[in-house]
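J.: sequence and predicted structure below; questions after.
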Amino acid sequence: MAAAVTQTLQRVLAVDIVAYVDALNLYHGLTSRYGDAYSWRDVVELVRRMRQHDTVVKVKYFTAIVAGEPDAAARQESYLAALTAYRPEVEVIRGHFKKKTARCRHCRARYSCACDPPQQYKTHEEKLTDVALGVAMTADAATRSGDMSLLISADTDFQPAVEMSLRLDPARPVIVACPPGRIGPRHNLNGRVVAFPIPERHLRDSLLPDVVTASDGRTYARPTKWRQAADAPRVNEPPESELLLMPASCEGEPAAAARST
């Protein structure tokens, strides 16, 4: 009887979620701890496992194709094709990488080598994806698209977008899922933002099939490098984080949660 009542309440309280994925922030968080073990990830399933009683209506995936590394770019394109073929609710929004001269963070002098003539170091900077994510989040709040926003990122640059979303739709909760090793928003925002670290168990259970077949018959296979990384044992693996819900932080003491996920 109690179980039936609980299931009924869960159905009544379920909300429609729109998720926003900062792909670069997620990528660096995952690879810094797990290598490429979870690079072939199913982001829709990941959101579902983090919010098991809710409905994922849309996942907006903000990314840019890596520059200057053809093999990595090919793997990335294959992954995006597989993801959108397998999960039609995923929308990929692309930015780009812009070449820039590397400078010292302290004095702003350009880095150069001892060659004659000296060669300046070049790097690439991701452009437009963060802006696009912030705009999408606030626009969805303004148009009441979905009942809840879930942001996968720990980039504090999204703080203004979160604040504006709350102003536009005060009844719309904002959830922040922090990639491994990342720190979430520091401000409480009157307790209206909930943040938590993504547990590894959800990552393990949220991988795409090894081979994805699109509706046009094209197939996309998980890169061998990524499959080997997933199969390889990890040495001195850090303990898995529990899904702790807390006001706007991915570190510290857990706060009381309205619903366990």
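T.: Nice, thanks for sending it over. Numbering: from 1, shown residues only.
J.: okay, helices next: where are they in the stretch 101-250 of the chain?
T.: For the stretch 101-250 of the chain, the helices defined by DSSP state H, counting those that start in this stretch occupy 129-142, 159-168, 200-204, 224-231.
J.: mind listing what's buried along the last one?
T.: Just to be clear, that refers to helix 224-231. Residues of helix 224-231 classed as buried: 226, 227, 229, 230 (neighbour count, 16 or more other C-beta atoms under 10 Å). Heads up, the C-betas are built off the backbone N, CA and C, glycines and all.
J.: from these, pick the one nearest residue 29.
T.: Of all the buried residues of helix 224-231, residue 29 sits closest to residue 229, with 15.2 Å by C-beta to C-beta.
J.: on that earlier part again, out of the buried residues of helix 224-231, which comes closest to residue 54?
T.: When the buried residues of helix 224-231 are compared against residue 54 (criterion: C-beta to C-beta), the nearest one is residue 230, at 27.4 Å.
J.: surely the closest one and residue 40 touch.
T.: Yes - between residue 230 and residue 40 a contact is recorded at 7.5 Å, counting by C-beta atoms under 8 Å.
J.: give me the common contacts of those two.
T.: The contact sets of residue 230 and residue 40 overlap at residue 207 (C-beta atoms under 8 Å, 6 or more residues apart in numbering).
J.: re earlier: how about the buried residues of helix 224-231 in TSV, adding distance to residue 45 and pLDDT?
T.: Below are those laid out as TSV (distance: C-beta to C-beta, whole Å; pLDDT from 0 to 100):
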residue	distance to residue 45	pLDDT
226	17	95
227	18	94
229	19	93
230	15	90
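J.: with distance to residue 107 added, can I get those residues in JSON lines?
T.: Below are the buried residues of helix 224-231 laid out as JSON lines (distance: C-beta to C-beta, whole Å):
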{"residue": "226", "distance to residue 107": "40"}
{"residue": "227", "distance to residue 107": "44"}
{"residue": "229", "distance to residue 107": "38"}
{"residue": "230", "distance to residue 107": "43"}
